[in-house]
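Asks: Quick one: sequence plus predicted model below, questions after.
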Amino acid sequence: MNVNADQPDGTFIEDTAIVLDEIAVLGSMGAASRRNEPAAMEPILREQREVVRIDPPATLEGGDVLRIGRTLLVGCSQRTSAAGITQFAAIVERFGYRVIPIPIRECLHLKTACTALPDGRLLINPAWIHRAPLAEFDLIETPAEEPWAANLCLVGSTVIMAVAHIRTANMIDQMGFNVRPVELSEFAKAEGGVTCLSLLIP
């Protein structure tokens, strides 16, 4: 059940929180119309984790946070501010996480431009992300004709992605990963990808 079903963007549940092994961090939404969403998630998350908040006016949305092991890439975006990244880093570094800010452009969230494959390689749209902070990672570019294809959701070793991204799906399949395409055409009209629609609790 979506507890934010009465909110206009409530289906994009990922943005409300970042759930790590040790803690859940409630987001501080960058859009005024979404400011009430994290509070509705708090009692549910408290059943699983200690919960802490990003304090406004700093902003941080879950779609801007990508975890690779103990490293957290955080998008510097329209929805996540430098102050939000600073607060987030102070919270998570005490658990041994490293935060790397990643500037993005021409898209709403980091995960629109960059997500991780099961082996830790990053799938990116190079037109929408600054590569310099990613120098330590192996990068794989999406085909130019599929600019939205960098948004993947991993459930175990299974790669879930939008069915529209046929070339990218074939490329990932040839790497030996299990690809599960899903229909997302209506969500895509609002820049919605597979990560946006779930909040995974590790």
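Replies: Nice, I can see it.

Asks: Going by C-alpha atoms from here, please, whenever you check contacts or count neighbours.
Replies: Fine.

Asks: any weak-confidence spans in this structure?
Replies: Within the chain, the stretches with pLDDT under 70 are 1-2.

Asks: Strands of that one, start to end?
Replies: Remark: strands assigned in the chain by DSSP state E are 17-19, 23-26, 50-53, 65-68, 71-76, 98-103, 114-116, 122-124, 139-141, 153-155, 158-162, 178-182.

Asks: doesn't Leu197 make contact with Phe187?
Replies: No. Applying Cα atoms under 8 Å as the test, Phe187 and Leu197 come out as separate, 9.1 Å apart.

Asks: what residues are shared contacts of the two?
Replies: Contact criterion Cα atoms under 8 Å, 6 or more residues apart in numbering; residues shared by Phe187 and Leu197: none found.

Asks: can I get the strands of the chain in TSV with mean neighbour count and distance to Ala169?
Replies: Converted to TSV, these look like this (neighbours: other Cα atoms under 10 Å; distance: least, Cα to Cα, whole Å):
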stretch	mean neighbour count	distance to Ala169
strand 17-19	25	27
strand 23-26	22	31
strand 50-53	16	36
strand 65-68	20	20
strand 71-76	23	24
strand 98-103	18	25
strand 114-116	26	14
strand 122-124	23	12
strand 139-141	17	13
strand 153-155	18	13
strand 158-162	20	8
strand 178-182	16	7
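
Asks: what sits against Gly10?
Replies: Residues near Gly10 by Cα under 8 Å, 6+ apart: Asn2, Val3, Asn4, Arg34, Glu37.

Asks: same thing but at 7 Å, please
Replies: Gly10 makes contacts with Asn4, Glu37, as judged by Cα atoms under 7 Å, 6 or more residues apart in numbering.
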